[in-house]
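Trainee: Structure of the sequence below:
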Amino acid sequence: MLRSFDALAWTLFPLTSSKTLLKILYDMDTILNTNQQFMLGPWIESAKVAPLEEKSQFEYNARNQITLWGPRGEIVDYAAKQWGGLVMDYYIPRWTLFVDTLRECLINNSTFDKDKFRQKVFTNVEQPFTFSKKIYPVEPIGSTLHALEQIYETWRPFYTSNVAIYRKLTKKLKEKRMQRKKKNGKRNQL
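Mentor: Below is the predicted model of the structure:
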């Protein structure tokens, strides 16, 4: 994705790796939600067992701990989790904003402003998530096996069409490594 951006290949950028990344994240959220151990709901609900006057603060703390780790994102992603619900409502919006920002930069022929983006993602995604009161399921959604079968059928054509390309690239990388090793070995002998 970044190579497409760096190469200013804006016509390819939104059609290739950025869409693939987001599709993978949606599938990741689906599979995570099939197992209670990988769901956001139980974590949030466990925070709500606090006394009534502290319930809201405990829920905020539970969301903040796994995302911003501080009111202003002092240590973003310090305790990051890959949980169903969290991927959908936190990571996908962050990645979508990143991809959209890169696309805008390419279209407008402008540079990526890391600080401006950081503030935008904090304001539009991260902070709102920590204050959200959205209720997440606590019981698994669907069958893990069924979700895996669907994901396999979705990604099998992608894998099989790219496996030849991957093998060629891997072979070239191995050859380059071997050439470097030989070159470095000759230097060390001198």
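Trainee: my guess is Ala62 contacts Glu45, does it?
Mentor: No - assessed by Cβ atoms under 8 Å, Ala62 is found out of contact with Glu45, at 9.1 Å. To be clear about C-beta, it is placed using only N, CA and C from the backbone, and glycine gets the same treatment.
Trainee: so where do the strands sit in this structure?
Mentor: Assigned by DSSP state E, the chain shows no strands.
Trainee: Name the spans of it whose pLDDT lies under the cut-off.
Mentor: Within the chain, the segments meeting pLDDT under 70 span 1-16, 186-190.
Trainee: I'd like the distance from the spatially most central residue of the chain to Met178, if you could.
Mentor: Most central residue of the chain, judged by C-alpha distance to the mean C-alpha position with Cα atoms, centre = their mean, is Tyr91 at 5.1 Å. According to Cβ to Cβ, to the nearest Å, Tyr91 stands 38 Å off from Met178.
Trainee: Over to Gln150?
Mentor: Look at Gln150 and Met178: by Cβ to Cβ, they are 41 Å apart.
Trainee: So between those two, which is more surrounded?
Mentor: When neighbours are counted by other Cβ atoms under 10 Å, Gln150 and Met178 differ, and Gln150 comes out ahead with 14 against 10.
Trainee: Excluding chain neighbours, what is closest to that one?
Mentor: In space, not counting the residues next to it along the chain, Gln150 is nearest to Thr30; the distance is 7.8 Å by Cβ to Cβ, 6 or more residues apart in numbering.
Trainee: what number of residues lie near the one you found?
Mentor: 19.
Trainee: could you list every residue that touches it?
Mentor: Counting by Cβ atoms under 8 Å, 6 or more residues apart in numbering, Thr30 touches 84, 142, 147, 150-151.
Trainee: Narrow those residues to just the buried residues.
Mentor: Those of the contacts of Thr30 that meet the buried threshold are 84, 147, 151, by 16 or more other Cβ atoms under 10 Å.
Trainee: between these, which is nearest Phe38?
Mentor: Of all these, the one with the least separation from Phe38 (Cβ to Cβ) is Gly84, at 5.8 Å.
Trainee: the helices in the chain, which residues?
Mentor: 2-6, 17-32, 40-47, 55-65, 86, 92-108, 114-121, 127-131, 144-189 (DSSP state H).
Trainee: More neighbours: Ala62 and Glu45, which one.
Mentor: With other Cβ under 10 Å as the criterion, Ala62 and Glu45 differ in neighbour count, and Ala62 comes out ahead with 19 against 16.
Trainee: mind checking how far the closest residue to that one other than its chain neighbours is from Met88?
Mentor: Leaving aside its sequence neighbours, Ala62 sits nearest to Ala47 (Cβ to Cβ, 6+ apart; 3.6 Å). Relative to Met88, Ala47 is positioned 19 Å away (Cβ to Cβ).
Trainee: Contacts made by stretch 78-87 with the rest, please.
Mentor: Counting by Cβ under 8 Å, 6+ apart, stretch 78-87 makes contact with 25, 28-34, 38-41, 43, 65-67, 69, 136-137, 141, all of which sit outside it.
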